[in-house]
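Student: output the structure for:
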Amino acid sequence: LFISLGLAFGKVEAFVSPQPSTFLPTLYASISEGERGSVAAESQSFVPDMKAYAAGYCTVFKEVPCSACTASTGSLPSDLVGTYFRSGPAMFSAGSITPPKFSIIQPKVPPVPDGQDPERMVTHPFDADGGILGITLDGTGNALLRYRYTRTNGMTNERRRGARLYTGMDPTRALGSAGQMNDFPIPMFRHHFLTGLNKKRKNTSNTRTIYWGKKLITLWEGGLPYKLDALALSTEGRSQLGGVLKESDPFCGTAVVDPFKDRLLMYSNKQSPSSSALTVYEFNSKFRLASEGGGKKEVSLPGFAVLSDFTATEKYSVFVQPPISVNGIQFMISKEPGKSVTPSDGPALLHLIPRVGSTGQSRTLEIARDELSDGDLQFVNAYEEDGKIIFDAIRSDVRNMNGGAMSWPWATTAEEYTRTASKKSLWRYTVEGTKVSKEILSDLHLIFPVVNNMVSTRKHRYIYAAVGGKGNAVAPPQGIAKFDCETKEVTTWMPKEYEFCGEPMFASKRGSGEDASEDDGYILTVLFNGQSKQSELVVLNAEKINDGPVARVPFNVGLPHGLYGCFSNAEETGWTEEEISRRAKLADKMEGKGAMWNEVKSDFSGLGLRLDDFEEYFGDTL
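Tutor: Reported below is the predicted structural model:
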């Protein structure tokens, strides 16, 4: 079983508007050696249609239980079998899905179009409630689409009231985009610092989807994951992962797969001004803690650790902690991120934490500061070679971010996007002894980097990422790039100027063996057409990205720009249309029935378990 996980994030630099050029369906950039490493030497570019891009921040007012889609261009390969799951912000106007008609509590105000009621609009797209996309590819030419909101507690409360109730991040968002805190489209500060269950810290469960051990969960940094039915995408409730987490525990919004040990790595980070308590968990193939060492490593980090991503090698978990200044009084009084903490000058800290079952002590090394930030890295992958630890990551240049507070529909012009989004570039970090060096691999504006998950935690050759349409300049993610770490070449596929791709996801071919080449597979990405306001699945040959799509599968519905997901080709994930439709109807019926019964769930109060947790504790014996 191999699960492909996309990792991501982003930031800005000086904006130079390129001359409009004739659109080319494919783009090729040759990478040659430069003073700071290998830098993108030349690339052709075009001007993206920013109004078309902004149209992708559209609330989904009608969910999709199950829809069979077929290719309009090319054909879906018969060896592409499995399911792609993806999360992302989707409800930009609060309360846009009404409760079931039998619900006792109904909102006084019905859903309204985006922008009609400013008080219902989120102030940053990342603060919107999460929607999850599922696309099952059955190998017969069908793509089985479904799309639902994750029924988080916050979303359910706003759904009943028909109003926006959680505004704890608004003061931070009002500070604008100076620095990384409100970066676009993913901010460095993702949640309020008031811990526990409260109305300041809304768990939107909108960041990443994980399918592991036949369980589907959605993640959001700072709160518990939510467990979903993998076929219907219906929400089963918050999950404590079989008792691993406490009700009020923060949890990560990312994960690392180790296919060699069949492990899933995740973490919890409890922040405080003086120190932060980091726990790294390793789960086995049944989503239980690994038997070695209790399945976890606990360490104390100095100061207030803002962590949004990590990576791992065979022996170490790798974290980079940015330098942060804490205003103790504001933290004690308000705990508002924008007032309580500030990204500061100084070196970032690299934490190397031994994996479960590995010997040795944790090490913390300083990363020498240069003109770019080492905070909020988007990790690609890490590995060990000749006594060195090497990891690749997307870095952010925030020096020219000077935009004010944003509002929907966000970034409708190139100038506005440049002021609010940081410039990204691909870098390599090398740890040798106590020294940490870094070199630039590509100066193209990249985001959402991913590798073939079969090489995760080991040496990789190819990196796939979404790439902007303006070469090295700041621009929204639009095409798909493939970077060769050996030859330093980049090949790229670009769609039309009004089309925008999201995260690329590597999908291994069904039946491919261990001797398959690293790029023997497909790249899946969801494309949003800003002219037609429709979305589609694009399938590329991972070996030859610049050949263009193997297949394009229209959804006949518009879905908002997403964030991170996963692809699973496990045997059970090739579900049929009948199986998915039947489960979707059952989910709708159960939701309506729950509303009719005053929306009270049965629970095992004597055991302290919810019904949807029962399988997690006793699944092996049932």
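Student: now the helices: where do they sit in the stretch 401-550 of the chain?
Tutor: 414-420 (DSSP state H, counting those that start in this stretch).
Student: quick one, helices of the chain?
Tutor: Secondary structure of the chain, counting by DSSP state H: helices at 50-54, 153-161, 170-173, 328-333, 337-340, 414-420, 577-596, 614-618.
Student: pick out the shakiest of those, pLDDT-wise.
Tutor: For the helices of the chain, the bottom mean pLDDT is recorded on helix 614-618, which sits at a mean of 46.
Student: flag every buried residue along the longest strand along the chain.
Tutor: With secondary structure taken from DSSP state E, the chain has its longest strand at strand 373-385. Within strand 373-385, the residues scored as buried using 16 or more other Cβ atoms under 10 Å are Ser373, Asp374, Gly375, Asp376, Leu377, Gln378, Phe379, Val380, Asn381, Ala382, Tyr383, Glu384. Using the backbone N, CA and C atoms, a C-beta is placed for each residue, glycine as well.
Student: wait, the first one touches Val398, no?
Tutor: Which is Ser373. Yes - using Cβ atoms under 8 Å, Ser373 and Val398 qualify as a contacting pair, with a distance of 5.8 Å.
Student: mind putting the buried residues of strand 373-385 into CSV with pLDDT?
Tutor: Listed next are the buried residues of strand 373-385 as CSV, based on pLDDT from 0 to 100:
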residue, pLDDT
Ser373, 88
Asp374, 95
Gly375, 89
Asp376, 92
Leu377, 97
Gln378, 97
Phe379, 98
Val380, 98
Asn381, 98
Ala382, 98
Tyr383, 98
Glu384, 98
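Student: and those residues as a markdown table, adding distance to Leu307?
Tutor: As requested, those are arranged in a markdown table below (distance: Cβ to Cβ, whole Å):
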| residue | distance to Leu307 |
| --- | --- |
| Ser373 | 14 |
| Asp374 | 13 |
| Gly375 | 10 |
| Asp376 | 9 |
| Leu377 | 10 |
| Gln378 | 13 |
| Phe379 | 11 |
| Val380 | 17 |
| Asn381 | 18 |
| Ala382 | 15 |
| Tyr383 | 21 |
| Glu384 | 22 |
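Student: which among the helices of the chain is found nearest to Ser67?
Tutor: helix 577-596 (9.2 Å; Cβ to Cβ).
Student: run a quick neighbour tally on the nearest residue to Gly511 once chain neighbours are set aside.
Tutor: By the measure of Cβ to Cβ, 6 or more residues apart in numbering, the closest residue to Gly511 outside its immediate chain neighbours is Asp79, 6.3 Å from it. Counted with other Cβ atoms under 10 Å, residues neighbouring Asp79 total 16.
Student: OK, contacts around Asp79?
Tutor: With contacts taken as Cβ atoms under 8 Å, 6 or more residues apart in numbering, Asp79 has the following neighbours: Gly139, Lys509, Arg510, Gly511, Ser512.
Student: considering these, which possesses the most neighbours?
Tutor: Scoring the contacts of Asp79 on neighbours with other Cβ under 10 Å, the highest-scoring entry is Lys509 at 18 neighbours.
Student: is that one in contact with Leu137, as I believe?
Tutor: No - proximity of Lys509 to Leu137 does not meet the contact threshold set by Cβ under 8 Å, at 11.4 Å.
Student: what touches both of these two?
Tutor: Counting by Cβ under 8 Å, 6+ apart, the shared contacts of Lys509 and Leu137 are Leu80.
Student: could you measure from Thr413 over to Thr123?
Tutor: Look at Thr413 and Thr123: by Cβ to Cβ, to the nearest Å, they are 19 Å apart.
Student: okay, the two: which has more neighbours?
Tutor: Neighbours per residue, other Cβ under 10 Å: of Thr413 and Thr123, the larger number sits with Thr123, 21 against 11.
Student: what sits against that one?
Tutor: Met169, Asp170, Arg173, Ala174, Ala405, Met406, Ser407.
Student: the same query, at a cut-off of 6 Å, please.
Tutor: Neighbour list for Thr123: Asp170, Arg173 [criterion: Cβ atoms under 6 Å, 6 or more residues apart in numbering].
Student: again with Met181
Tutor: For Met181, the set of contacting residues under the criterion of Cβ under 6 Å, 6+ apart consists of Met188, Phe189.
Student: got phi/psi on it?
Tutor: As for Met181, its main-chain torsions (degrees, to the nearest 10) stand at phi -60, psi -40.
Student: next one: the one 3 residues further on
Tutor: Geometry field for Phe184 lists phi and psi as phi -120, psi 130, criterion degrees, to the nearest 10.
Student: Met266: how many residues sit nearby?
Tutor: 25.
Student: please name the bridge partners of it.
Tutor: In this entry, Met266 is beta-bridged to Tyr281, by DSSP bridges.
Student: ok so, going back, got the helices of the chain as JSON lines, with distance to Ser456 and mean neighbour count columns?
Tutor: JSON lines is the format used below for those (distance: least, Cβ to Cβ, whole Å; neighbours: other Cβ atoms under 10 Å):
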{"stretch": "helix 50-54", "distance to Ser456": "31", "mean neighbour count": "20"}
{"stretch": "helix 153-161", "distance to Ser456": "32", "mean neighbour count": "20"}
{"stretch": "helix 170-173", "distance to Ser456": "33", "mean neighbour count": "19"}
{"stretch": "helix 328-333", "distance to Ser456": "36", "mean neighbour count": "13"}
{"stretch": "helix 337-340", "distance to Ser456": "31", "mean neighbour count": "22"}
{"stretch": "helix 414-420", "distance to Ser456": "32", "mean neighbour count": "21"}
{"stretch": "helix 577-596", "distance to Ser456": "29", "mean neighbour count": "16"}
{"stretch": "helix 614-618", "distance to Ser456": "25", "mean neighbour count": "15"}
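Student: tell me which of those sits nearest to Glu247.
Tutor: helix 153-161 (11.6 Å).
Student: what's in contact with that closest one?
Tutor: Ala94, Gly95, Ile97, Pro99, Ile105, Pro107, Asp129, Leu165, Tyr166, Lys202.
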